[in-house]
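> got a sequence here, can you model it:
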Amino acid sequence: MKLYSKIIGKGKPFIILHGFLGMGDNWKTLGKEFSEKGFEVHLVDQRNHGRSPHTEDFSYELMAKDIKEYCEDKNLEDIVLLGHSMGGKTAMKVATSYPDLVHSLIVVDIAPKYYEPHHQAILEGLTMLQNADLDSRGLADEKLEEYIPEWGVRQFLLKNLYWKEKGKLALRMNLDVLKEKVESVGKALNEEDTFAKDTLFVSGGNSNYIRKEDRELIKAHFPKSNTVTIKGAGHWVHAEKSDDFFQIVMIFIDKFS
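Predicted coordinates:
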């Protein structure tokens, strides 16, 4: 599986994994900031997302293997690995499955527990866009607003639009498979999966993805982990409080590099 990526800068390898229905491009601004601190930043599109291949298969085991093979192909080792939401679950699976590959791990607003499917409105809205005749991004935003009132969430999702042909917009992600496999997105980490190296969990103060009662489970899987909460941020903590997020991640990396 040849994953698509955008590579910024030179230095220590730093892989960033986007969330469900996202793409590496969502991290372009922060990726550039990290690259200016001496990192070679890899903004990777995971399978069935962005410009990476579409397949019928979706599991964290497969996506972790994709990242391992990506690193082998690019001759990357001792990586800093960061993942948000679904990408955080992938990152956890990479670290616990291939610990020698990972120097340090950063997980953004997701815990190792099971989450019930909760993207129904978003998936309905994207299905509507997929079936619509779209000739402008403005029209797409207008239609999507019927399903998703939050402007920021819509802008994040609309990054998936591209010009399939002149005058016709289409979605990059493999929506049919992602809808079919949505139950797998919430899958918990296996009970025996552990990673004994330095790990940072970053949660949004206004998000309910990581709760106080999840701290014990996090420590069971990641004994050398700390959890930092950014006040005033929701699930897209890195976008809503990007300066605070960048500073917290850099303090963690500097401490353990």
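> so which elements touch the worst-scoring helix or strand of the chain on mean pLDDT?
Across the helices and strands of the chain, mean pLDDT, DSSP states H and E gives its lowest value to helix 151-158, namely a mean of 89. The elements that helix 151-158 packs onto, with contact taken as 3 or more CB pairs under 8 Å, 6 or more residues apart in numbering; DSSP states H and E, are helix 120-131, helix 137-144, helix 237-240. All C-beta spots, glycine's among them, are computed from the backbone N, C-alpha and C.
> want to throw those into TSV with mean neighbour count, distance to Leu217 and mean pLDDT?
What follows is these, written out as TSV (neighbours: other CB atoms under 10 Å; distance: least, CB to CB, whole Å; pLDDT from 0 to 100):
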stretch	mean neighbour count	distance to Leu217	mean pLDDT
helix 120-131	16	26	94
helix 137-144	15	35	94
helix 237-240	22	20	94
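> kindly export the least confident helix or strand of the chain (C-alpha atoms) in PDB.
Coordinates of each C-alpha in helix 151-158 appear next as PDB, following Å, rounded to 0.1, in the frame of the first residue of the first chain:
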ATOM      1  CA  TRP A 151     -18.800  26.300  10.200                       C
ATOM      2  CA  GLY A 152     -15.400  25.000  11.300                       C
ATOM      3  CA  VAL A 153     -16.400  21.400  11.000                       C
ATOM      4  CA  ARG A 154     -17.800  22.000   7.500                       C
ATOM      5  CA  GLN A 155     -14.600  23.700   6.400                       C
ATOM      6  CA  PHE A 156     -12.600  20.700   7.600                       C
ATOM      7  CA  LEU A 157     -14.900  18.300   5.600                       C
ATOM      8  CA  LEU A 158     -15.000  20.500   2.500                       C
END
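> let me have the helices and strands packed on helix 151-158 in a markdown table, extended by distance to Gly83.
Shown next, in a markdown table, are the helices and strands packed on helix 151-158 (distance: least, CB to CB, whole Å):
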| stretch | distance to Gly83 |
| --- | --- |
| helix 120-131 | 19 |
| helix 137-144 | 25 |
| helix 237-240 | 11 |
